[in-house]
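[1] Need coordinates for the below:
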Amino acid sequence: MIVSSTAMSGLLVIEPTVFTDDRGYFFEPFNEARFKAETGLRIKFVQDNESLSVKHALRGLHFQVPPYAQAKLVRVVKGAVLDIAVDLRVGSPTFGQHASIVLSEDNKLQFFIPEGFAHGFLVLEPNTVFSYKCSAPYNNEAERSIRWNDADLGIQWGLDNPILSTKDAAAPLFKDFNSPFEFTEEKA
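    The predicted model follows:
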């Protein structure tokens, strides 16, 4: 596995080692010992989620507030998405900025999103299957979101009219969000 840092502290791109031959391919999407050794992070994932989405569906920008904040390790099993993470950590040099990456069944890249980030994705191919590991279980009372097309965030989705849930279409703006997240350097 190759782990690459991004311009945002704690946000990582993970490229798994993929073994291919004339039968197809094999790789480990997650190996706890290897993840800890390569990232230096001591994250315990407690829940796996999977979604199936149609092309042009947009899910996000979602997060959970403490004490139910979640770190996520996300990937695409089938299809492709434009994946977005927005830094919500007060005091971070990248507060309010976002990072984007295309995750697909072909590139097999994974995105590690630490606590304190909002997360969302735009589906680029029909019937895309998105999978993610979470460090805390889902908690309805702790769930929050920020408007996907908030001009203050400047996210270039490449699509003006995605398919949205009612909740995501009415999400609050970033300027109206009082972040409970504080920036701290990565913990090993």
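
[2] if we look at the lengthiest helix in the chain, which residues are touching it?
    Ordering each helix of the chain by length in residues (DSSP state H) puts helix 32-39 first. With contacts defined as Cβ atoms under 8 Å, 6 or more residues apart in numbering, helix 32-39 is touched by 1, 3, 12, 14, 28, 41-43, 73, 112. Bear in mind the C-beta positions are built from the backbone N, C-alpha and C, glycine included.

[3] Just the buried residues of the residues you listed.
    With burial judged by 16 or more other Cβ atoms under 10 Å, the buried subset of the contacts of helix 32-39 is 1, 3, 12, 14, 41, 43, 73, 112.

[4] any idea of the pLDDT on the spatially closest residue to K55 that is not a sequence neighbour?
    Of all residues not flanking K55 in the chain, P126 sits nearest, at 4.6 Å (Cβ to Cβ, 6 or more residues apart in numbering). Looking at P126, its pLDDT reads 98.

[5] same check, this time on T184
    87.

[6] bridging residues for the spatially most central residue of the chain?
    Centroid-nearest residue in the chain, with Cα atoms, centre = their mean: H119, separated by 4.7 Å. Taking DSSP bridges, one obtains H62, A85 as the residues bridged to H119.

[7] how about the strands in the chain?
    If you assign secondary structure with DSSP state E, the strands in the chain sit at 2-5, 12-15, 19-21, 24-26, 47-53, 58-64, 72-78, 80-87, 98-104, 110-113, 117-123, 128-134, 143-145.

[8] quick one on the thing from earlier: for the residue nearest to K55, give its distance to I155.
    P126 sits 23 Å away from I155 when distances are taken as Cβ to Cβ, to the nearest Å.

[9] where does the spatially most distant residue from the centre of the chain fall, phi/psi-wise?
    Going by Cα atoms, centre = their mean, the residue of the chain most distant from its centre is D22, 32.4 Å out. As for D22, its main-chain torsions (degrees, to the nearest 10) stand at phi -70, psi -10.
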